[in-house]
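J.: Predicted model and sequence follow; I will ask about them next.
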Amino acid sequence: MTIRAVRGATQLEVDEAGHLLERTAELMQAVLKRNDLTSDDVISIFLTATPDVRSAFPAAAVRALGITDVPLMCAQELDVDGAMPRVIRLMAHIETARARDGIRHVYLHGTTVLRDDLAEDDE
Ligand SMILES: C=C(O[C@@H]1C=C(C(=O)O)C=C[C@H]1O)C(=O)O
């Protein structure tokens, strides 16, 4: 097993708490599923929201999935001119037997344009 990092991002239609929690949970579950991970394989999760997001802490969505024993941290993304609005990002450090190029990064709901080199088709 090796420690690796996996990235994810999703975009909100609106900045509302219920929707944010739903989209963040969807993202977290997709990151785990696409990389054959369980929460036992996760070391830590860092989440960001763009500065226009004010409705909820994305970490709450991860906890609501039952991932309660993993250190979580939320922060605000850089306020770059022209950047995509209402984006939730995550980076999870994980234990995995996968090679670096076997890690599947997850970009949902229109965010593939952020990193078309990393992102697969939105499933
Ligand atoms: C491009 C993204 O957005 C921003 C830019 C990043 C980059 O250039 O690597 C990484 C995270 C964000 O700060 C992304 O989420 O992948």
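T.: Yes, it's here.
J.: Around the ligand, which positions in the protein sit nearby?
T.: By the rule CB under 6 Å from any ligand atom, the part of the chain lying against the ligand is 9, 77-78, 89, 114-115. Heads up, the C-betas are built off the backbone N, CA and C, glycines and all.
J.: What helices and strands are in contact with the longest helix out of those in the chain?
T.: Ranked by residue count under DSSP state H, the longest helix found in the chain is helix 17-34. The helices and strands touching helix 17-34, judged by 3 or more CB pairs under 8 Å, 6 or more residues apart in numbering; DSSP states H and E, are strand 2-11, strand 42-49, helix 58-64, strand 87-96, strand 106-107.
J.: Could you rerun that using 7 Å?
T.: Other elements packing on helix 17-34 under the criterion 3 or more CB pairs under 7 Å, 6 or more residues apart in numbering; DSSP states H and E are strand 2-11, helix 58-64, strand 87-96, strand 106-107.
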